[in-house]
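Enquirer: Using only what follows, build the 3D model:
(one chain, ligands or ions: 1)
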Amino acid sequence: MLEAKNLNKSFSEKQVINDLSFKVEQGEIMCLLGANGAGKSTTLNIFLNFLQPDSGQALIDGVNVHSSSGSKEKLVYLPEQVNLYQEFNAIDNLKYLASLSGLTVSEAQINAALDETGLEPGARSQSLKNYSKGMRQKVGIAFAIIREAKVLLLDEPTSGLDPSATLEFIRIVEQLAKKGAAILMVTHDFYCAHTLADKIGIMDKGTLLTLLDNKQLPLNTLENTYHELISGKSAIREAS
Ligand SMILES: Nc1ncnc2c1ncn2[C@@H]1O[C@H](COP(=O)(O)OP(=O)(O)OP(=O)(O)O)[C@@H](O)[C@H]1O
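Expert: Below is the predicted model:
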């Protein structure tokens with residue numbers, strides 16, 4: 001389980017995270033929406049231990065990631081651009097990544113993980129320099145599968161993906177949640193958030209303005225709520 005407990009963070013006097021609290025249970029998907037500069041990536045960076053909060057706690061399974069007993073084991077981060085070794089193929093990249101995590105995996109295990117992502121078998125032996133963004137993401141997701149990620153942090157994973165690749169990505173992430181991962185995704189993509197999330201947080205200027213239960217929420221209500229909260233205006237225009 002992933003939990004932010006009263007997190008605060010400032011950069012030279014400017015408060016960019018303001019008393020942020022939320023929980024993501026195992027098997028649950030939470031999306032964070034918010035304008036540029038709202039503090040979404042900073043939140044992920046605190047969980048990744050790239051940044052230290054000024055106060056509050058970032059907990060994984062109840063353990064503060066910034067404490068001496070904090071561990072990033074079972075946590076997988078998928079950045080917007082999955083940067084792997086361009087000259088290696090998918091299988092060699094995954095073997096190498098697994099070895100960095102102290103795992104020895106067979107080619108059969110790697111292929112099984114890549115099967116789950118739907119990466120074409122013919123592409124797996126090609127170097128990543130020929131891959132599209134969607135294909136690279138499949139390799140990143142395959143790593144989460146190999147690592148048996150309990151917590152997955154995703155930073156704008158669908159930006160630049162075409163609609164079919166977005167839908168494919170959504171289906172793969174759903175499978176990871178069904179296997180019990182707690183998933184926190186930062187996105188600007190209403191469609192993706194609405195299709196995927198159990199709950200959606202809307203952030204502005206470091207503050208979580210609302211946490212919506214997405215299960216019964218129509219997409220236009222989500223869009224209107226977002227625009228009303230962020231800019232004070234409804235997204236739906238009056239017919240002229
Ligand atoms: N290392 C840093 N030093 C100083 N300011 C920073 C640093 N990292 C982030 N900020 C500032 O913190 C605020 C929040 O940034 P953050 O990247 O978390 O926003 P975001 O919601 O992820 O935005 P975007 O949607 O554009 O990615 C911004 O004002 C940003 O300029």
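Enquirer: Residues of the protein that sit close to the ligand?
Expert: Proximity of the chain to the ligand, by Cβ under 6 Å from any ligand atom, involves residues Phe11, Val16, Gly34, Asn36, Gly37, Ala38, Gly39, Lys40, Ser41, Thr42. (Glycine included, C-beta is placed from N, CA and C.)
Enquirer: which pair in these spans the largest distance?
Expert: Phe11 and Gly34 (16.8 Å; Cβ to Cβ).
Enquirer: if we can go back for a sec, can you redo the residues of the chain next to the ligand as TSV with secondary structure?
Expert: Formatted as TSV, the residues of the chain next to the ligand follow (DSSP: H, G, I helix; E, B strand; the rest coil):
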residue	secondary structure
Phe11	strand
Val16	strand
Gly34	strand
Asn36	coil
Gly37	coil
Ala38	coil
Gly39	coil
Lys40	helix
Ser41	helix
Thr42	helix
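Enquirer: Just the buried ones from these, in ChimeraX syntax?
Expert: In ChimeraX syntax, the buried subset of these is picked out as below (16 or more other Cβ atoms under 10 Å):
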select :16,34,38,39,40,41,42
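Enquirer: Could you list the domains of this structure?
Expert: 1-74+150-240, 83-148 (automatic domain parsing).
Enquirer: would JSON lines of these with mean pLDDT be doable?
Expert: Formatted as JSON lines, the domains of the chain follow (pLDDT from 0 to 100):
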{"stretch": "domain 1-74+150-240", "mean pLDDT": "91"}
{"stretch": "domain 83-148", "mean pLDDT": "91"}
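Enquirer: Extract the C-alpha set from stretch 134-148 and format it as PDB.
Expert: Output of stretch 134-148 as PDB, limited to C-alpha atoms (Å, rounded to 0.1, in the frame of the first residue of the first chain):
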ATOM      1  CA  GLY A 134       4.400   2.400 -27.000                       C
ATOM      2  CA  MET A 135       6.900  -0.500 -27.600                       C
ATOM      3  CA  ARG A 136       9.300   1.000 -25.100                       C
ATOM      4  CA  GLN A 137       6.600   1.300 -22.600                       C
ATOM      5  CA  LYS A 138       5.800  -2.400 -23.000                       C
ATOM      6  CA  VAL A 139       9.400  -3.200 -22.100                       C
ATOM      7  CA  GLY A 140       9.100  -1.000 -19.000                       C
ATOM      8  CA  ILE A 141       5.800  -2.700 -18.000                       C
ATOM      9  CA  ALA A 142       7.400  -6.100 -18.600                       C
ATOM     10  CA  PHE A 143      10.000  -5.100 -16.100                       C
ATOM     11  CA  ALA A 144       7.200  -4.400 -13.600                       C
ATOM     12  CA  ILE A 145       5.800  -7.900 -14.300                       C
ATOM     13  CA  ILE A 146       9.200  -9.500 -13.900                       C
ATOM     14  CA  ARG A 147       9.900  -7.600 -10.700                       C
ATOM     15  CA  GLU A 148       6.400  -8.500  -9.400                       C
END
